[in-house]
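Undergrad: got a predicted structure plus its sequence, pasted below:
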Amino acid sequence: MFVGKSILASFMLSTAVMVSSPEGTEISDSRINATVLVVSEKPEVSETGEAKAQETESGQTGQQEAESSRAEETAQEDIVESEGEEEQETSQDQEDVSDEAESEDSQDFEVSPMTGTAMTMLSSQGGAQMLSSVIRSQNGRLVVVDGGWEADGGYLVEHIKANGGVVDAWLITHPHSDHAGALYDILKNRSDDIEINRICYSFAPVSWYEEVSPEDANMVRNLVEELDKLPEEKLCGAVGKDYKITVDNLRITAMNDRYQLDTDPVNNSSITYMIDTGKKKVLFLGDLSYDGGSRLGREAGNALKADIVQMAHHGQNGVGRSIYQSIAPKICLWPTPQWLWDNDNGGGYNSGPWRTVETRSWMKETLKVDKNYCIKDGDIVLQLD
């Protein structure tokens, strides 16, 4: 497995310096004061991996289910989207990604510490979809959102260690393996490497996952087993709407309760987090899908407005276009590998079922967002001072 080395090239958007976008074009904007660093090369990934083929199959199944449930809301949305059932895709991809975990430990990671108020969205170490972000407060305290696969645990630990080695708050959106697997790996195998002061989450009983998505129940069971070993004061397992914590200048708010919906149930159980730095607002949507997003929009309304948004469900089959219009972001963060960015299931550009290209068109044509930063290009750092 290839691990890219740091490139350490800085671009200041506030002075309208040109920055290369993921599409290869140059962009310029002075609307938001944020320094962007592309700090590592993207991992080398096969274009026709087994994980991609498996995800295609599960995505097509989810598309049929979701289009039926969304028909009633067509009048409110110009485009009917599909719900990708990540329950199957994440468990199937786990074999491909976790196979690389053992060899990962032997890699030498080159990691640069962040300064000021900043965040790093880490790239996948296995070429799969995942979400892993580390946010640094103005005085060096850390917040982690999700973390990625088990195979991403070692790389994440090195980033945390490079920035002091202590996580004040670890936020979990939902317990899919491409989001919570790294935390499980760290708790089980690397607990002496870093210190975690608080873990925030909201999980249904394991029996619920066994009923709605049996292939995901094992990860939930394993993670809960590790969490149960921790002191009670380190756990906040009842996160819901308006739950708030403060880490230095970072004000964190949970925007919703955990939904238990019939459609795409585990993805739609995502807790969404707004992180307000005092100067910028960053909204993490996790893997929220269409029905969960619609409910979030009704409940939160204008409170969703943010400068930066993490694209729901890796930009494919996530929340509807109207939700992004409510958010009105200036920067979009895509936790998305190359093949998913291109919606390529092995047949070329836009040959897959994931609707990533369609979502990209919303951001460009409807919302006029020209800053789209994607982990296909490596780790992304945003300076949020």
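TA: Looks like it arrived, so ask away.
Undergrad: any stretches of the chain with poor pLDDT?
TA: Applying pLDDT under 70 to the chain flags the ranges 1-109.
Undergrad: helices of the chain, residue ranges please.
TA: Taking DSSP state H, the helices of the chain run over residues 50-70, 86-98, 101-104, 153-162, 177-189, 206-212, 214-227, 290-300, 321-327, 338-341, 356-361.
Undergrad: show me which positions of the fifth one end up buried.
TA: Neighbour-count burial for helix 177-189 flags 177-187, 189 (criterion: 16 or more other Cβ atoms under 10 Å). Glycine gets a C-beta too; all of them are placed from N, C-alpha and C.
Undergrad: quick check, nearest of those to L131?
TA: H179 (5.3 Å; Cβ to Cβ).
Undergrad: how about that closest one: what's its closest non-neighbour residue?
TA: Distance criterion Cβ to Cβ, 6 or more residues apart in numbering; nearest residue to H179, sequence neighbours excluded, is D146 at 4.1 Å.
Undergrad: you'd agree that neighbour is up against S132?
TA: Yes: D146 lies in contact with S132 (Cβ atoms under 8 Å); the separation is 5.8 Å.
Undergrad: now do the shared contacts for those two.
TA: A182 (Cβ atoms under 8 Å, 6 or more residues apart in numbering).
Undergrad: can you redo the buried residues of helix 177-189 as CSV with distance to A303?
TA: Below are the buried residues of helix 177-189 laid out as CSV (distance: Cβ to Cβ, whole Å):
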residue, distance to A303
S177, 30
D178, 27
H179, 23
A180, 26
G181, 30
A182, 29
L183, 27
Y184, 32
D185, 34
I186, 32
L187, 32
N189, 39
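Undergrad: out of the residues you listed, which comes closest to S326?
TA: Distance to S326, by Cβ to Cβ, is smallest for H179 among the buried residues of helix 177-189, at 23.4 Å.
Undergrad: burial of the closest residue in space to Y209 that isn't next to it in sequence, as a residue count?
TA: Spatial nearest neighbour of Y209, excluding adjacent residues (Cβ to Cβ, 6+ apart): A217 at 4.2 Å. For A217, the neighbour count with other Cβ atoms under 10 Å is 20.
Undergrad: same question, G346
TA: Using other Cβ under 10 Å, G346 has 14 neighbouring residues.
Undergrad: likewise for P337?
TA: 25.
Undergrad: who are the contact partners of it?
TA: 45, 124, 127-129, 375-376.
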